[in-house]
Every structure is written in structure tokens, then in C-alpha cells.
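Asker: Next come a sequence and a model predicted from it.
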Amino acid sequence: MGDRESMDQEEIHSKVLRAGRRTYFFDVRSTKAGDYYLTITESKKFTHDDGSFHYKKHKIYLYKEDFDAFKENVIEMMDFIIDEKGQEVISERHQKDFKKEEGPVEKEETPSTESFTDVDFDDI
């Protein structure tokens with residue numbers, strides 16, 4: 001039996017979170033000693049110009065002795081982000097009407113009404 005097969009046999013419980021191009025896998029696995037640990041895998045799909053694609057995966061192994069500290073840190077960081085930036089998503093990839101600024105924006109001066117040409121709509 002290969003390493004890949006033994007890894008699959010160790011899975012106890014799984015949950016999937018799809019988030020755009022990313023998918024998160026939460027898997028409870030068993031150690032050789034019979035204890036449980038958590039793996040969190042981020043899988044991101046990349047498409048090539050020819051239509052083919054590949055996935056990049058990043059994995060975190062989280063053991064019970066680290067659960068409390070890990071959870072406290074995640075909650076603290078999420079609270080910080082929400083407190084600083086609010087709930088609204090401001091990423092270009094998440095909002096179709098998001099306006100990306102390209103360098104410093106110069107303030108345009110509003111022309112005075114003196115430079116406008118009078119238009120008579122009866123002429124149109």
C-alpha cells in the first residue's frame with residue numbers, strides 16, 4: 001500500500017469550503033497512535049492560456065495541543081481585520097464595479113461656467 005493510499009485511509013471526517021478559485025479542505029485524520037489531528041488545505045486553480053489547468057495546494061497540520069492558541073490567534077486576526085476594514089469586501093476580484101487606482105490621482109479642476117458654450121436646445 002502506497003503512502004497516498006494510507007493517507008486516504010486515515011481520513012476520519014471532512015468538510016469542503018468553496019470560495020471562488022480557492023477551495024479549502026478541512027480533514028480530520030488519525031495518527032499512527034490513533035489520536036486525531038486537523039489538516040487544512042487550500043487548493044487554488046490556475047488556468048493556462050491553452051485551456052489546461054493545474055492546482056497549487058498549501059497544507060497546514062494542526063494538532064490538538066495547538067488548538068486553543070491557534071483558535072485565539074485566528075479570532076484575534078479576523079477581529080482586527082473587521083475592526084480596521086469592516087465587513088465589506090474591497091478586492092477587485094470580488095467586486096465587478098471596483099475601481100482600481102493606478103498611481104496617484106490628480107484632482108481635476110472643475111471648469112468654471114464661464115468657459116462653457118451656451119447651447120440652445122432649439123437648434124438641435
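Answerer: Okay, I see it.
Asker: List the contacts of the longest helix anywhere in the chain.
Answerer: The single longest helix within the chain, with elements called by DSSP state H, is helix 67-85. With contacts defined as CB atoms under 8 Å, 6 or more residues apart in numbering, helix 67-85 is touched by 38, 62. To be clear about C-beta, it is placed using only N, CA and C from the backbone, and glycine gets the same treatment.
Asker: what do you get if the cut-off is 10 Å, keeping everything else the same?
Answerer: 37-38, 40, 60, 62-63, 66, 87 (CB atoms under 10 Å, 6 or more residues apart in numbering).
Asker: Can you tell me which of the residues you listed is nearest R29?
Answerer: Y37 (5.9 Å; CB to CB).
Asker: So the closest one sits against S30, correct?
Answerer: Yes - taking contacts as CB atoms under 10 Å, Y37 lies within contact range of S30: 8.0 Å.
Asker: Please compare those two by neighbour count and tell me which comes out ahead.
Answerer: Legend: neighbour count by other CB atoms under 10 Å for Y37 and S30, higher for Y37 (18 against 13).
Asker: Let me see the contact set for the more buried one.
Answerer: So Y37 contacts 10, 12, 27-31, 61-67 (CB under 10 Å, 6+ apart).
Asker: Pairing partners for the helix or strand harbouring it, with directions?
Answerer: Y37 is part of strand 36-47, with elements assigned from DSSP states H and E. The pairing partners recorded for strand 36-47 under DSSP bridges are strand 22-30 (antiparallel), strand 53-63 (antiparallel).
Asker: Could you export these as JSON lines, including distance to I75 and mean pLDDT?
Answerer: Putting those into JSON lines (distance: least, CB to CB, whole Å; pLDDT from 0 to 100) gives the following:
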{"stretch": "strand 22-30", "distance to I75": "16", "mean pLDDT": "95"}
{"stretch": "strand 53-63", "distance to I75": "15", "mean pLDDT": "94"}
